[in-house]
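Engineer: using only what follows, build the 3D model:
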Amino acid sequence: MRSLILAALIAVPAPALAETIYVSNERGNSITVIDAATMKPVATWPVGARPRGLTMSRDGKYLYVCASNDHAVQVIDRATGKVLYDLPSGEDPEQFALSVDGRTLFAANERDAAVTAIDIPGRRVAFQVDVGIEPEGMATSPDGKWVIATSETDNKAHWIDIATGKMVAETEVDQRPRHAEFTADGRELWVTAEIGGTLQIVDTATRKVVHSIAFKPPGVTSDKVLPVGVHFTPDGRKALVALGRANTVAIVDTATRAVTGYVPVGQRVWHLGISRDGTRAYAANGLSDTLSVIDVAAAREIAQIPTGDAPWGVVVAP
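Structural biologist: Predicted coordinates for the structure are as follows:
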């Protein structure tokens with residue numbers, strides 16, 4: 001009887017995830033909409049030129065996308081897939097971060113070497129602050145006090161005081177920092193360094209690098225290990241790191257800071273999203289034109305979903 005019960009439990013399929021995945025396609029000038037339950041595309045929405053950074057409004061009604069070559073942040077109605085209007089953003093917005101209250105977007109303007117704070121309700125620029133050359137990665141602190149910009153050429157993370165709109169400090173990091181994420185408690189800032197081949201952990205109290213994580217995926221030469229996107233699971237216990245042309249996603253234990261697994265995926269994996277329950281991760285493969293679905297617990301890819309041309313950013317929404 002016990003063996004029959006066990007067999008029945010094993011046979012029960014995992015519950016379908018009632019979520020929607022949005023992927024910005026950099027060369028496709030579009031967003032692919034994917035049903036997480038069926039793991040199939042259900043729509044393609046045309047947007048502006050060279051869409052990269054992608055995020056969702058706090059109320060879940062809108063998507064914001066960086067239309068980099070149109071020098072604008074576009075606001076998309078999730079219900080219809082239509083671009084409602086453009087927000088002013090400065091030259092060549094790459095990525096952005098949303099304020100804690102959801103009223104301000106902070107866009108990294110690569111050509112301006114600046115960060116633009118966009119007042120969303122007012123549809124205007126609140127302030128612009130100069131940072132390092134080629135800013136890309138953006139993150140806001142959980143307490144709402146700081147916004148971080150990483151500059152690829154200057155190899156720095158820049159600390160901007162949101163209240164004053166001033167840059168107050170810089171942290172030296174490894175070569176070509178691409179993305180930054182705060183831990184949920186705000187005590188650490190995790191920064192990927194593409195050319196440095198590392199993920200560095202910054203103590204937010206001292207603004208100094210306190211730990212570096214290197215990656216050695218099996219069978220991959222070091223010159224292909226180019227860390228880009230990093231994202232935490234909802235429980236904060238794991239971080240998933242896209243390793244670019246290594247065609248691999250690394251899984252890091254946040255407590256021990258040890259790499260616990262490597263997941264081979266598609267070509268030139270760029271950014272990631274994670275399901276609300278933390279069981280799945282979704283990784284955009286820029287040269288394969290696919291989205292990899294990763295079983296986080298098993299540390300393996302379970303599917304690849306077709307996207308548009310050169311997928312870049314990923315948002316997972318209820």
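Engineer: what packs against whichever helix or strand A139 is part of?
Structural biologist: Using DSSP states H and E, A139 sits in strand 135-140. Judged by 3 or more CB pairs under 8 Å, 6 or more residues apart in numbering; DSSP states H and E, the packing partners of strand 135-140 are strand 93-98, strand 104-109, strand 114-119, strand 146-151, strand 177-182, strand 188-193. Heads up, the C-betas are built off the backbone N, CA and C, glycines and all.
Engineer: is it true that M39 touches I305?
Structural biologist: Yes. Using CB atoms under 8 Å, M39 is in contact with I305, at 5.6 Å.
Engineer: what is in contact with those two at once?
Structural biologist: The contact sets of M39 and I305 overlap at V293 (CB atoms under 8 Å, 6 or more residues apart in numbering).
Engineer: with neighbour numbers in mind, choose between those two.
Structural biologist: With neighbours defined as other CB atoms under 10 Å, M39 and I305 compare such that I305 has more, 21 against 18.
Engineer: just give the closest residue to that one, not the sequence neighbours.
Structural biologist: Spatial nearest neighbour of I305, chain neighbours left out: L291 (4.5 Å); criterion: CB to CB, 6 or more residues apart in numbering.
Engineer: partners of the particular helix or strand that has that neighbour in it, with directions?
Structural biologist: Using DSSP H and E, L291 maps to strand 290-295. Next to strand 290-295 in the sheet, as set by DSSP bridges, lie strand 280-285 (antiparallel), strand 300-306 (antiparallel).
Engineer: of those strands, which is nearest D35?
Structural biologist: Distance to D35, taken as CB to CB, is lowest for strand 300-306 among the strands paired with strand 290-295, at 9.6 Å.
Engineer: quick one: buried residues of the closest one?
Structural biologist: 301, 304-305 (16 or more other CB atoms under 10 Å).
Engineer: give the pairing partners of whichever helix or strand comes after it; include direction for each.
Structural biologist: Per DSSP H and E, the first helix or strand lying C-terminal to strand 300-306 is strand 311-317. Strand 311-317 has its sheet partners listed here by DSSP bridges as strand 20-25 (antiparallel).
Engineer: what comes up buried for the strand it pairs with?
Structural biologist: 20-25.
Engineer: identify the farthest-apart pair in those residues.
Structural biologist: Distances among the buried residues of strand 20-25 were taken as CB to CB; the most separated pair is T20 and N25, at 16.0 Å.
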